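S.K.: got a sequence here, can you model it:
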Amino acid sequence: GGAVDDDLAGKEGSEAGESAGKEAGGEGAGVIEAACAVELQHSPFALTTGLYKGQLIVDPDAEEEALMEAVVSVVMTEEGQLAGVFKPGGTVEASESTLMHCIAAAKLHYPACARAMEEAFGTE
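M.R.: Modelled structure (predicted):
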């Protein structure tokens, strides 16, 4: 907020971050309130899929996700390269075949997601 932002305007680097953390006070004390721009070399896209009664469900909402036997999130780059796979728990194991289907779903959905991001945020 105001006073912290004014104080940060004249400081650089970790000194500004330390000042923000000290002066934020109250709830969330120790939280650094400094902002910085992040340049991405890729536009990663994450797609969550889930297994429900043996069927692969693509992009489930939170309510549907809660019913899934397994949930797998796949992160792809715009070149279609796999950037990461995350499977947090679940009641069943995801086989190699299931993981490959999840990756294929992410590859298929990337163009539509990229278009939506472009429409929402534009490009530089």
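
S.K.: ok, and the closest non-adjacent residue to residue 101?
M.R.: In space, and not counting its chain neighbours, residue 101 is closest to residue 56: 5.4 Å by Cβ to Cβ, 6 or more residues apart in numbering. Every residue, glycine included, has its C-beta placed from N, CA and C.

S.K.: just to be sure, the one you found is in a strand?
M.R.: Yes. Under DSSP: H, G, I helix; E, B strand; the rest coil, residue 56 falls within a strand.

S.K.: residues contacting it?
M.R.: Contacts here follow Cβ atoms under 8 Å, 6 or more residues apart in numbering; on that basis residue 56 touches 49-50, 98, 101-102, 105.

S.K.: go on, residue 117?
M.R.: Contacts of residue 117 (Cβ under 8 Å, 6+ apart): residue 43.

S.K.: please apply the same query to residue 44.
M.R.: Going by Cβ under 8 Å, 6+ apart, residue 44 touches 75-77, 83.

S.K.: how near is it to residue 113?
M.R.: 10 Å (Cβ to Cβ, to the nearest Å).

S.K.: what does residue 30 give?
M.R.: In this view, residue 30 and residue 113 are 35 Å apart by Cβ to Cβ.

S.K.: and those two? Which one has more around it.
M.R.: residue 113 (17 against 9; other Cβ atoms under 10 Å).

S.K.: pick the one among the contacts of residue 56 closest to residue 69.
M.R.: residue 50 (7.7 Å; Cβ to Cβ).

S.K.: measure the nearest residue to the closest one once chain neighbours are set aside to residue 94 for me?
M.R.: Closest residue to residue 50 apart from its sequence neighbours, by Cβ to Cβ, 6+ apart: residue 68 at 3.4 Å. Using Cβ to Cβ, residue 68 is found at 11 Å from residue 94.
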